[in-house]
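K.L.:
A structural model of the following input is requested.
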Amino acid sequence: MESKELVEKVYEQLIEAWNNRDAERMASLFSENGESIGFDGSHSKGPEEIFSHLSPVFRDHPTAQFVSKVKDIRFLGESVAMLRAIAGMVPPGGSDIKPEVNAHHTLIVVHDNHKWHIELFQNTPAQFHGRPELVEQMTDELRAQL
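P.N.:
Presented below is the predicted three-dimensional model:
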């Protein structure tokens, strides 16, 4: 498997873990100092803290499913890569993306001990204030992934 494909696979595993409401699996993808910054601005550092943050979220709330599309993967060095994606969410019991929670995903991964680990996952709201055509364009692009 090519390096870009391996980086994308880490992102796919992250999204799959979220969609399966698997806090343990999601946290295991992060390095010891890996950080997660959520849509609401919440910040967790390290697998234990990430697990502790996500576990009650998955246990107590019916979380929406991510639909995503990778837009770019760039290598910042031999063992560091950045992945940028767009993401939308389909609410529980729904069949369509909820545009008001569209997001940009940024993932920084580092290759260490024969494995790619997440150093940073940031989930940034994509509200495009005053530019509804951009929300619509992103939503259409994500709907094509359904």
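
K.L.:
please tell me how far residue 106 sits from residue 52.
P.N.:
According to CB to CB, to the nearest Å, residue 106 stands 23 Å off from residue 52. Backbone N, C-alpha and C define where each C-beta goes, glycine included.

K.L.:
same check on residue 12?
P.N.:
Distance from residue 12 to residue 52, by CB to CB: 24 Å.

K.L.:
swap in residue 44?
P.N.:
Taken as CB to CB, the span from residue 44 to residue 52 is 8 Å.

K.L.:
can you show me the CA trace of stretch 51-61 as CSV?
P.N.:
Output of stretch 51-61 as CSV, limited to C-alpha atoms (Å, rounded to 0.1, in the frame of the first residue of the first chain):
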residue,chain,number,x,y,z
PHE,A,51,-11.3,7.8,25.5
SER,A,52,-12.5,9.4,28.7
HIS,A,53,-14.0,12.3,26.7
LEU,A,54,-15.7,10.2,24.0
SER,A,55,-16.9,7.3,26.1
PRO,A,56,-19.8,9.2,27.8
VAL,A,57,-20.6,11.0,24.6
PHE,A,58,-21.2,7.7,22.8
ARG,A,59,-22.9,6.1,25.8
ASP,A,60,-25.3,8.9,26.6
HIS,A,61,-26.0,10.5,23.2
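
K.L.:
going forward can the numbers begin at 12, since that is how I track them
P.N.:
In the new count, where the first residue is 12, that last one comes out as stretch 62-72.

K.L.:
who's in contact with that stretch?
P.N.:
Residues outside stretch 62-72 that contact it (CB atoms under 8 Å, 6 or more residues apart in numbering) are 32, 33, 34, 35, 37, 38, 47, 53, 55, 74.
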